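Enquirer: Sequence plus predicted model, see below.
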Amino acid sequence: MKGLILVAGKGTRLQPFSLSRAKTLIPVANKPLLEYCIESLKKIGINEIGIVLNPAQKDICEYIDHRPADNTSITLIYQPTANGIGDAVKQAADFLKTEPFILLLGDNLINESLLSLKETILSSSINGAVLITKVSNPSDFGIAYVENNQIIKVEEKPRNSASNLAIIGAYAFDSNVLTAINHIQPSSRGEYEITDAIQWLIDHEYTISYQMTNKEYSDVGTIERWFEANRWVLDSLNRSVETADPSTTIKNCKLIPPVHIDKNCVLTNSTIGPYVSVSQGAVIDNCRIQDSIVLENVHVSDVSSLITHSIFGKGTKIDKLNIESASIECLFFDNTKIISK
């Protein structure tokens, strides 16, 4: 059985941070979204993985090239034009051949194990399965209608829906889905929708099952969802203590869990947390930071106000920032410099 991860999206709503890195390399608790997808497949014994990307996403190629060696075999598959999930799967046909596979959307972070999807698709009577959850905003999702433990209908982002069961970015299929994709037409958005392929399978009497989850998940497609994902992942890592790499130096600091401090950081005279991730090479002195994301090689010192709900792009340098406010919220793009004399 194989795994397929789709990462070709541009991440427009995560700009400016997605201008300097692929959306699926955005870190949550100091780990890229793509790595969470790879790990979730490895946990259920899937070590042959295809990644569908745009040819311009050189940073993803570099990331895969520099991953620590393990028993995972990763094949890069190119989707020249963003024509939808169905088209991305079609580009992977030579990689998938006739094997069943797990399909993941690379910008979705899912806390649920994929084991049930794997076991379901390996059953001889099932042709597809999806992970679903109850939502309050069905118009933002592909929606499933369920009857007798099977999916009988799917719709892509319906304006008015009688179902609140959303498909949240994890699927399992046998090779019949490739036949379905070859028979569907582009949607009004000009894309080959995976929901249309699923509906084709249903209409032609193939069996589509589902797994329900009530665990945390995030479609990390906006700044606010990035914050949300960072919070629940930090919670899941360790709710009661701080986590710091041994190579990091921490002196005269108060760390309020949950926080995650990456390697080669220097933290002094500061209060960090709760809900803060600090990426490698950061230097923080005389600051109070909570509910924030600090990317690589950030230097921030002597900020008078509490920093909250903020993102520091990689290479940002802030020194001696005095603002007459009890707290501040900031989004600093990569290599921002604010230095007061």
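Expert: The structure has been received and is ready for your questions. Residues are numbered from 1 along each chain as shown.

Enquirer: most centrally placed residue in this protein?
Expert: Nearest residue to the geometric centre of the chain (CA atoms, centre = their mean): D107, 3.4 Å.

Enquirer: Let's test this: what are the backbone torsions at that one?
Expert: Backbone torsions for D107, taken as degrees, to the nearest 10, come to phi -100, psi 10.

Enquirer: Show me the shaky parts of the chain.
Expert: The model of the chain has pLDDT under 70 over residues 239-242, 341.

Enquirer: now the helices for it?
Expert: 33-43, 58-65, 85-91, 93-96, 115-121, 176-183, 194-203, 223-237 (DSSP state H).

Enquirer: quick one: N149 and S209 touch, right?
Expert: Yes. With contacts counted by CB atoms under 8 Å, N149 reaches S209, the gap being 7.0 Å. From N, CA and C alone the C-beta is placed, and that goes for glycine too.

Enquirer: For those two, indicate the residue with more neighbours.
Expert: The neighbour count for N149 versus S209, taken as other CB atoms under 10 Å, is higher for S209 (20 against 7).

Enquirer: what about I38, how many neighbours?
Expert: Per other CB under 10 Å, the neighbour tally for I38 reads 23.

Enquirer: pretty sure it is touching I5, no?
Expert: Yes. The criterion here is CB under 8 Å, and I38 meets it with I5 at 7.2 Å.

Enquirer: Now list whatever residues contact both of the two.
Expert: With contacts defined as CB atoms under 8 Å, 6 or more residues apart in numbering, the residues shared by I38 and I5 are I49.

Enquirer: Where does the record place the domain boundaries for the protein?
Expert: Structural domains annotated on the chain: 2-223, 242-339, as defined by automatic domain parsing.

Enquirer: JSON lines please, covering those domains and showing distance to L234.
Expert: As requested, the domains of the chain are exported to JSON lines (distance: least, CB to CB, whole Å):
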{"stretch": "domain 2-223", "distance to L234": "5"}
{"stretch": "domain 242-339", "distance to L234": "4"}
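
Enquirer: Tell me who's in contact with the closest residue to N322 other than its chain neighbours.
Expert: Distances taken as CB to CB, 6 or more residues apart in numbering put S304 closest to N322, at 4.7 Å, once the chain neighbours are dropped. Contacts for S304 were tallied using CB under 8 Å, 6+ apart; they are L321, N322, I323.

Enquirer: and these, which are buried?
Expert: With burial judged by 16 or more other CB atoms under 10 Å, the buried subset of these is L321.

Enquirer: so of the contacts of S304, which ones are in strands?
Expert: Secondary structure defined by DSSP state E assigns L321 of the contacts of S304 to strands.

Enquirer: Let's have the contacts of S304 in CSV, adding distance to S188.
Expert: Below are the contacts of S304 laid out as CSV (distance: CB to CB, whole Å):
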residue, distance to S188
L321, 48
N322, 52
I323, 47
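
Enquirer: Go through stretch 97-106 and flag the buried ones.
Expert: Neighbour-count burial for stretch 97-106 flags P100, F101, I102, L103, L104, L105, G106 (criterion: 16+ other CB under 10 Å).

Enquirer: ok, of those, which one's closest to N160?
Expert: Lowest distance from N160 to the buried residues of stretch 97-106 (CB to CB) belongs to L105, with 24.6 Å.

Enquirer: Just give the nearest non-adjacent residue to that closest one, would you?
Expert: With CB to CB, 6+ apart, the residue lying closest to L105 is G169, at 3.8 Å.

Enquirer: That neighbour contacts S218, correct?
Expert: No. If you go by CB under 8 Å, G169 and S218 don't touch, sitting 9.7 Å apart.

Enquirer: Good, we can wrap up now.
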